[in-house]
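[1] quick one: sequence plus predicted model below, questions after.
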There are 2 protein chains.
Amino acid sequence: MMSVDTLILTALRAAGETGVAGTELAARLGVSRAAVWARIRELRALGYEIEASPHRGYRLLGVPDLLHADDLRSRLGPTRVLGRDIQVFEETTSTNDVVERLARDGVKEGVVVFAEAQTRGRGRLGRKWLSPARKGLWLSALLRPPLTPTAATQVTVAAAVALFRAIRSQTGLTPEIKWPNDLLLGGRKTAGILTEMAAEPDKVKHVVVGVGVDVNLTASEFPEELRPIATSLRIATGQRQSRAELAVRLLQELDRVYELICTGRFEIVADEWEEHCTTIGRRVTIHQGGRPLQGTAESLDPDGALLLRTDYGRLERIIGGDVTLDK
Amino acid sequence: MMSVDTLILTALRAAGETGVAGTELAARLGVSRAAVWARIRELRALGYEIEASPHRGYRLLGVPDLLHADDLRSRLGPTRVLGRDIQVFEETTSTNDVVERLARDGVKEGVVVFAEAQTRGRGRLGRKWLSPARKGLWLSALLRPPLTPTAATQVTVAAAVALFRAIRSQTGLTPEIKWPNDLLLGGRKTAGILTEMAAEPDKVKHVVVGVGVDVNLTASEFPEELRPIATSLRIATGQRQSRAELAVRLLQELDRVYELICTGRFEIVADEWEEHCTTIGRRVTIHQGGRPLQGTAESLDPDGALLLRTDYGRLERIIGGDVTLDK
């Protein structure tokens, strides 16, 4: 069910420069003109610039830099799975935690939870992920893919490809993918993916895909120790980026690649991933605890693991650990 | 920390026929004789037969057929991980659910939760598991093994071996193991294991091992449709079995095999499993959804998956599905 706000924003966007009359909006929505006007005022209070003219009716002139669930739904358009339900929190501990609870309550796949800020955002292996208010995209999606736990890495790879496409189409820049879950611009980390799953040994019950993108942080907003290795879309492009627009692109792309892995066509995703992955073809060192492993990153296997040709000629299947590129 | 009840029961068991004086008990526990007497009365109310004689002091003559956390701790003795904390519920939905919540609250591995009855006990793939009050052992343990999700099947295999040993030592009967998670007596199912995990693609965060054993059910207590295929230890041995005793044996054995898989010695567990597995060496059909797969079950692989030699000579790695033995 679309909300009245979703319907109003969808109609305003469709009308564009032309605008849409209050009587027409009211008729389409099946509510009174006064009710339409009340919702318009609410949207204005949120920062939406909506002109109300006797001649042209309502026109959408500008949107605020906030994440508004109805607005995101309105812009997303039809998808197969992703964004079936969208929730936006002002602040939460971690969107992965929120989605995990929804999953255990039996919610269907496709729900996406955004937070304007996370107090305990995290990356892989429990590492902290800085998530300041309104500076980035911090979101998690609930998926229930028909995969074994071994193949769950496919979801991380698919999310990386979706994120790659979204960032490239919005900014014109071409990110590099660093195995297994980072996106870089000019060698600096700008986005990451945290995939967590609940499973029986032979069957995934659900996967929570968390995505963090440093969108509008300025250099001074990064802690000093991260400045040499982190960046944001704003720093890389020299201008502020619309977080809502990026969110919509990301969900659309994620919907497409998710369909591919659900229908056994992971190869297509893997090919695109390999093309943009700076890890592939390079000499790398893998740190997994214990002795570091050195070799050449050759490709992805059918489950999304990294195939490493070690210096002894053996092909090792790598599913975790930290990767550093050797000089 | 051991509770006063645990200390009293441990002392009474150690004293055996001889008994232990109230003054001595009070001194050992650092409480008054009146306090000891108050606890003894509580234990009697629970069904513990404790003799209080002016000559011999207190003697433990009989224990009730109930699961009492302090009593289980007292009988368990020192373990490496399992039973570090034991909780007993009169009734819960599913002990796996209780332990899952504890896991997400950050509780350390080793906690074991029993329920006298489960209202929504379940087996693999969401199937219902009948769990009537005081008729069986329904329990779950929290483990945090240093494994990848792919290797999590090792935990199921280890639990099956522990359960095999516990049932054999208590009843003198030799159960058959049916891949992946059933124990049978005379070809009828008497116990099952449900392993559920939370993981990142490269790392298990925790595993909940659920075990259900039909201990004292009579034939008429099974639903009609299960009677031809299910049995209990009571039916198989012709006498009631102590659930507490079986619980203690199981936790001790699970502690031993868990240490083996945590230290990379899964082979030892796998060898014992294969020896008692009726699936190995047999012609079987695997139903995984889609086309059934036929072949000969050859062995376990190093991650605990079943290696099936198909009729076309290919070796397939099977991690799920239902197995039926061909005639």
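    Now that the structure is in, tell me what you want to look at.
[2] which residues are contacting whichever strand or helix holds residue A:71?
    Take DSSP states H and E as the rule and residue A:71 turns out to sit in helix A:69-76. For helix A:69-76, the surrounding residues in contact (CB atoms under 8 Å, 6 or more residues apart in numbering or on different chains) are A:2-3, A:5-7, A:9-10, A:13, A:48, A:63, A:83, A:86-88, A:114, A:244-245, A:247-248, A:251-252. For glycine as for every other residue, the C-beta is placed from the backbone atoms N, C-alpha and C.
[3] and stretch A:302-318, by the same measure?
    Residues from elsewhere that reach stretch A:302-318 (CB under 8 Å, 6+ apart): A:150-151, A:153-154, A:156-157, A:179-180, A:266-267, A:270, A:279, A:284, A:286, A:288, A:293-301, A:319, A:323, B:201.
[4] just the CA trace of it, in CSV.
    Below are the C-alpha coordinates for stretch A:302-318, written out as CSV (Å, rounded to 0.1, in the frame of the first residue of the first chain):
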residue,chain,number,x,y,z
PRO,A,302,31.2,-19.9,-8.3
ASP,A,303,30.3,-19.2,-4.6
GLY,A,304,32.0,-15.8,-4.6
ALA,A,305,35.2,-16.8,-2.8
LEU,A,306,38.6,-15.4,-3.9
LEU,A,307,40.9,-17.8,-5.7
LEU,A,308,44.5,-17.1,-4.7
ARG,A,309,47.4,-18.7,-6.6
THR,A,310,50.0,-19.0,-3.9
ASP,A,311,53.7,-18.7,-4.5
TYR,A,312,53.9,-22.5,-4.3
GLY,A,313,51.5,-22.8,-7.2
ARG,A,314,48.5,-24.0,-5.2
LEU,A,315,45.1,-22.5,-5.7
GLU,A,316,43.6,-21.5,-2.4
ARG,A,317,40.0,-20.6,-1.8
ILE,A,318,39.8,-17.5,0.4
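[5] strand partners of the least confident helix or strand in chain A by mean pLDDT, parallel vs antiparallel please.
    Within chain A, no helix or strand scores below strand A:322-325, which has a mean of 84 by mean pLDDT, DSSP states H and E. Here strand A:322-325 is paired, per DSSP bridges, with strand A:283-287 (antiparallel).
[6] how much does the next helix or strand after the strand it pairs with deviate in direction from strand A:283-287?
    Downstream of strand A:283-287, the first helix or strand assigned by DSSP H and E is strand A:293-300. Calculated by axes from the mean of the first three to the mean of the last three CA atoms, to 10 degrees, strand A:293-300 forms an angle of 110 degrees with strand A:283-287.
[7] quick one: strands adjacent to whichever helix or strand comes after strand A:293-300?
    Per DSSP H and E, the first helix or strand lying C-terminal to strand A:293-300 is strand A:306-310. Strand pairing for strand A:306-310, determined by DSSP bridges: strand A:293-300 (antiparallel), strand A:315-318 (antiparallel).
[8] just the buried residues from the contacts of stretch A:302-318, in PyMOL please.
    Buried residues within the contacts of stretch A:302-318, by 16 or more other CB atoms under 10 Å in any protein chain shown, are selected in PyMOL with:
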select buried, (chain A and resi 150+151+153+154+156+157+179+180+266+270+279+284+286+293+295+297+299+300+319+323) or (chain B and resi 201)
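[9] all strands of the stretch 51-200 of chain A, in order?
    A:57-62, A:85-92, A:111-118, A:136-143, A:176-178, A:182-185, A:188-200 (DSSP state E, counting those that start in this stretch).
[10] picking that back up, convert the helix holding residue A:71 to PDB, retaining C-alpha atoms only.
    Output of helix A:69-76 as PDB, limited to C-alpha atoms (Å, rounded to 0.1, in the frame of the first residue of the first chain):
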ATOM      1  CA  ALA A  69      10.400   6.700   3.400                       C
ATOM      2  CA  ASP A  70       7.400   7.800   1.300                       C
ATOM      3  CA  ASP A  71       9.600   9.900  -1.000                       C
ATOM      4  CA  LEU A  72      12.100   7.000  -1.500                       C
ATOM      5  CA  ARG A  73       9.100   4.700  -2.400                       C
ATOM      6  CA  SER A  74       7.800   7.300  -4.800                       C
ATOM      7  CA  ARG A  75      11.100   7.600  -6.600                       C
ATOM      8  CA  LEU A  76      12.000   3.900  -6.500                       C
END
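[11] measure residue A:118 to chain B for me?
    With distances taken as CB to the nearest CB, to the nearest Å, residue A:118 is found 17 Å from chain B.
[12] ugh, wrong one, residue A:194
    From residue A:194 to chain B the distance is 7 Å (CB to the nearest CB).
[13] what's the closest non-adjacent residue to that residue?
    When the adjacent residues along the chain are set aside, residue A:194 lies closest to residue A:210, with 4.0 Å between them (CB to CB, 6 or more residues apart in numbering or on different chains).
[14] now swap in residue A:174 and tell me
    Nearest non-adjacent residue to residue A:174, counting by CB to CB, 6+ apart: residue A:168, 5.6 Å away.
[15] the spatially closest residue to residue A:262 that is not a sequence neighbour - how many residues pack around it?
    Excluding the flanking residues, the one nearest residue A:262 by CB to CB, 6+ apart is residue A:145, at 5.7 Å. Residue A:145: 20 surrounding residues under other CB atoms under 10 Å in any protein chain shown.
[16] pretty sure residue A:170 contacts residue A:249?
    Yes. Counting by CB atoms under 8 Å, residue A:249 is a contact partner of residue A:170 at 5.9 Å.
[17] of the two, give the one with the bigger neighbour count.
    Set side by side, residue A:170 and residue A:249 show more neighbours around residue A:249, with 21 against 18, by other CB under 10 Å.
[18] give me the phi and psi for that one.
    Main-chain dihedrals, residue A:249, degrees, to the nearest 10: phi -60, psi -40.
[19] in terms of pLDDT, where does it sit?
    You'll see residue A:249 listed with a pLDDT of 98.
[20] chain neighbours aside, what residue packs nearest to it?
    Using CB to CB, 6+ apart, the closest residue to residue A:249 is residue A:166 (4.0 Å).
[21] ok so residue A:9 is a strand residue?
    No. Counting by DSSP: H, G, I helix; E, B strand; the rest coil, residue A:9 is not part of a strand but helix.
[22] point me to the helix or strand that includes residue A:35.
    Judged by DSSP H and E, residue A:35 forms part of helix A:33-46.
[23] number of residues surrounding the closest residue to chain B within the stretch 51-200 of chain A?
    Residue of the stretch 51-200 of chain A nearest chain B, by CB to the nearest CB: residue A:149 (3.8 Å). Counted with other CB under 10 Å, the neighbours of residue A:149 add up to 28.
[24] which residues touch it?
    Residue A:149 neighbours (CB under 8 Å, 6+ apart): A:197, A:199, A:201, A:202, A:203, A:204, B:149, B:150, B:152, B:197, B:199.
[25] at 7 Å instead, please
    Counting by CB atoms under 7 Å, 6 or more residues apart in numbering or on different chains, residue A:149 makes contact with A:197, A:199, A:201, A:204, B:149, B:150, B:152, B:199.
[26] ok, the nearest residue to the third one once chain neighbours are set aside - contacts?
    Here the nearest residue to residue A:201 in space, its sequence neighbours aside, is residue B:153; by CB to CB, 6+ apart that works out to 4.3 Å. The neighbourhood of residue B:153, defined by CB under 7 Å, 6+ apart, consists of A:201, B:303, B:304, B:305, B:319.
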